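1. Here is a sequence with its predicted model. Questions after.
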Amino acid sequence: MMVQMSRILLSAVVFIMLAACTDSSREVVSSPSLDDLSSDGSGTGSGGGGESDVYSTRDMLVAYIDEIVLPNYQDLELLATQFAASDGTLGAYCDAIGTADQESQQAAARSDWMAISEKVQASELHVIGPAIENGGSLQFRLNSYMAGPLSTCGVDGIAAQVEDGINIDARSLNQRGIGALEYLLFNDNLDHSCPPQAAATAQWNSLDENTRASQRCQAAQMVAGDMSAAAATLVDKWQPAGQDYRAVFLSEERVGESLQDTTDAMFYLEEGAKDAKLGNPLGIIVACSALTCPEQIESRYSVTSLDNIITNVKAFRRIFISNDKTGFDAHLTAEGFPEVAERFINNLEASITYAESIEQSVTEQVAAIATESEETACSNAFANPDSPSEQFPLCTLYGMVKTIVDDLKIDFVTIVNVSIPGSSQSDND
């Protein structure tokens, strides 16, 4: 009877929230382990804290920072630093250009790029605190995809002037980050992409292939070094031995605000993975005014856009489940809705398993939507995700991720008692 009453109450609250949602805006010092955290009133979940078996929102946030956010940035800093170093795989590739080892060294550098890219994509689900300061400049130095299209001409300009003492700090954000690094390493067309009147690249196409490949590689080292510096700054801002934003984020008086920041960042699942990386290129959402928008595909030179989406969904799952003692699944259960937690986990697992089975790239899938009838078939696929489409599996995947997002925007925010970010107030499809 109590469960039934809880469900009725939740439904009523959801109805009120939906009616209101019409606004279209809107060295690390060891932290205590979850076993050691006291229950002296720090818990802010249901029950308030004070007993060891009461769910603690602050404990969850401690795990979130210490087990997810900081380790992600630390790993990213290490990988990017090693990659940018003269004795790393990128340096080895630069040295091998024009020799018999060029192809194998390039392959090794590309493999390490993918490892860095995976860490960058995981970090997209926790863009909070220092990462969103100054318009998100630190995060966009890691990946500027959500800020707008990559300026390939600008990146070509860096390569063309790399031996003239060019300052990477003076370049705009859409010429930096993992996308610029991808372009420099994976684009086999060595000609520049600038208009004829661009002075920086006027002589570029007349250079021999080895010179152009070498200068692109040097530019890649500059971009990787900039990414390493951005990641190092984020680590310093978070860790207790540095600027210790961790202490601010986990302060008792800020738990509610920090919880809201955490859930806001999780909505990247909608804004990034679902809409920007699937819905926009596939022509599903209104942001794409044409039949499809292939120019919006992320990581099209490395053909890893689908990998990015999978990493985004896995990163969301990592945050949702956290560890065996705390997480949003435990939060929902503590509030009396274990079935909602289970539904989230099942839908996340189903989406990941399905995405990993897809053999088509995003580029291939977008190219396959060439007529209005194929556009309709894609629409039917995302509207019926329980019946996977053999013709348009990525449209099905869009529908599967949308199912998770729908739960995120209704049951999740209601039970956790947070608001929907302004940019996610209304659906785009």
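-> All right, it came through fine. This structure is a prediction, so every number in the text was calculated from the model and none was measured.

2. residue contacts, the nearest residue to K314 once chain neighbours are set aside?
-> Leaving out its chain neighbours, the residue that sits closest to K314 by CB to CB, 6 or more residues apart in numbering is I352, at 6.2 Å. In short, each C-beta sits where N, CA and C put it, glycine included. By CB atoms under 8 Å, 6 or more residues apart in numbering, the residues touching I352 are 310, 313-314, 317.

3. From L184, how far off is I352?
-> When distances are taken as CB to CB, to the nearest Å, I352 and L184 turn out to be 30 Å apart.

4. phi, psi of the residue nearest the centre of the chain?
-> Centroid check for the chain by CA atoms, centre = their mean gives E124 as the closest residue, at 2.9 Å. Reported as degrees, to the nearest 10, the phi and psi values for E124 are phi -60, psi -20.

5. so it makes contact with K314?
-> No - E124 is not in contact with K314 according to CB atoms under 8 Å; the separation is 11.6 Å.

6. Now do the strands in the stretch 51-200 of the chain.
-> Taking DSSP state E, counting those that start in this stretch, the stretch 51-200 of the chain contains no strands at all.

7. From F328, how far off is the residue nearest to the centre of the chain?
-> 18 Å.

8. What of F186?
-> From F186 across to F328, the span is 36 Å (CB to CB).

9. who does the strand or helix carrying Y398 touch, helix- and strand-wise?
-> For Y398, the element it lies in under DSSP states H and E is helix 393-407. Using 3 or more CB pairs under 8 Å, 6 or more residues apart in numbering; DSSP states H and E as the contact criterion, the secondary-structure elements in contact with helix 393-407 are helix 305-321, helix 338-357, helix 362-367, helix 372-383.

10. and the residue lying closest to A273 once chain neighbours are set aside, how many residues sit next to it?
-> Ranked by CB to CB, 6+ apart and with sequence neighbours excluded, the top spatial neighbour of A273 is N312, at 4.0 Å. Residues contacting N312 under the criterion other CB atoms under 10 Å number 21.

11. A220 too?
-> The burial metric for A220, expressed as a neighbour count using other CB under 10 Å, is 27.

12. Give the other helices and strands that the host helix or strand of it contacts.
-> Using DSSP H and E, A220 sits within helix 209-238. Applying 3+ CB pairs under 8 Å, 6+ apart, one finds that helix 209-238 contacts helix 70-84, helix 89-96, helix 102-123, helix 133-142, helix 152-160, helix 177-186, helix 245-249.

13. and V416, which of the ones you listed is closest to it?
-> Proximity to V416, assessed across the helices and strands packed on helix 209-238 by CB to CB, is greatest for helix 245-249 (17.1 Å).

14. Give the other helices and strands that the closest one contacts.
-> helix 209-238.

15. how big is the angle separating the helix it packs on from helix 70-84?
-> In this structure, helix 209-238 runs at an angle of 150 degrees to helix 70-84, with axes from the mean of the first three to the mean of the last three CA atoms, to 10 degrees as the basis.

16. ok so, going back, packed most tightly, which of the helices and strands packed on helix 393-407 would that be?
-> Using mean count of other CB atoms under 10 Å, the stretch among those with the greatest mean number of neighbours is helix 305-321 (a mean of 23).

17. Now do that helix: distance to the chain's middle.
-> 8 Å (CA atoms, centre = their mean, to the nearest Å).

18. for stretch 69-77, same thing?
-> In this view, stretch 69-77 has its centroid 14 Å away from the chain centroid, taken as CA atoms, centre = their mean.

19. Give me the average confidence score over it.
-> The average pLDDT within stretch 69-77 is 97.

20. Give me the contact list for it.
-> Stretch 69-77 is contacted by residues 28, 116, 119-120, 122-123, 126, 128, 142, 227-228, 231-232, 234-235, 238-239, 246 when judged by CB under 8 Å, 6+ apart.

21. re earlier: with mean pLDDT as added columns, please give the helices and strands packed on helix 393-407 in CSV.
-> Putting those into CSV (pLDDT from 0 to 100) gives the following:
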stretch, mean pLDDT
helix 305-321, 97
helix 338-357, 98
helix 362-367, 97
helix 372-383, 97
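
22. Export only the CA atoms of stretch 397-417, formatted as PDB.
-> What follows is stretch 397-417 as a C-alpha-only set of coordinates in PDB (Å, rounded to 0.1, in the frame of the first residue of the first chain):
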ATOM      1  CA  LEU A 397      20.200   3.800 -30.900                       C
ATOM      2  CA  TYR A 398      18.900   7.400 -30.800                       C
ATOM      3  CA  GLY A 399      15.600   6.000 -29.600                       C
ATOM      4  CA  MET A 400      17.200   3.900 -27.000                       C
ATOM      5  CA  VAL A 401      19.200   6.800 -25.600                       C
ATOM      6  CA  LYS A 402      16.100   8.900 -25.700                       C
ATOM      7  CA  THR A 403      14.300   6.400 -23.500                       C
ATOM      8  CA  ILE A 404      17.000   6.900 -20.900                       C
ATOM      9  CA  VAL A 405      16.800  10.700 -21.300                       C
ATOM     10  CA  ASP A 406      13.000  10.700 -20.900                       C
ATOM     11  CA  ASP A 407      13.400   8.900 -17.500                       C
ATOM     12  CA  LEU A 408      16.200  11.300 -16.600                       C
ATOM     13  CA  LYS A 409      13.900  14.300 -17.300                       C
ATOM     14  CA  ILE A 410      10.900  13.000 -15.400                       C
ATOM     15  CA  ASP A 411      11.400  10.300 -12.800                       C
ATOM     16  CA  PHE A 412      15.000  11.000 -12.000                       C
ATOM     17  CA  VAL A 413      14.800  14.700 -11.400                       C
ATOM     18  CA  THR A 414      11.600  14.300  -9.400                       C
ATOM     19  CA  ILE A 415      13.000  11.600  -7.100                       C
ATOM     20  CA  VAL A 416      16.500  13.200  -6.700                       C
ATOM     21  CA  ASN A 417      14.800  16.600  -6.300                       C
END
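
23. I'm done for today, thanks for sticking with me.
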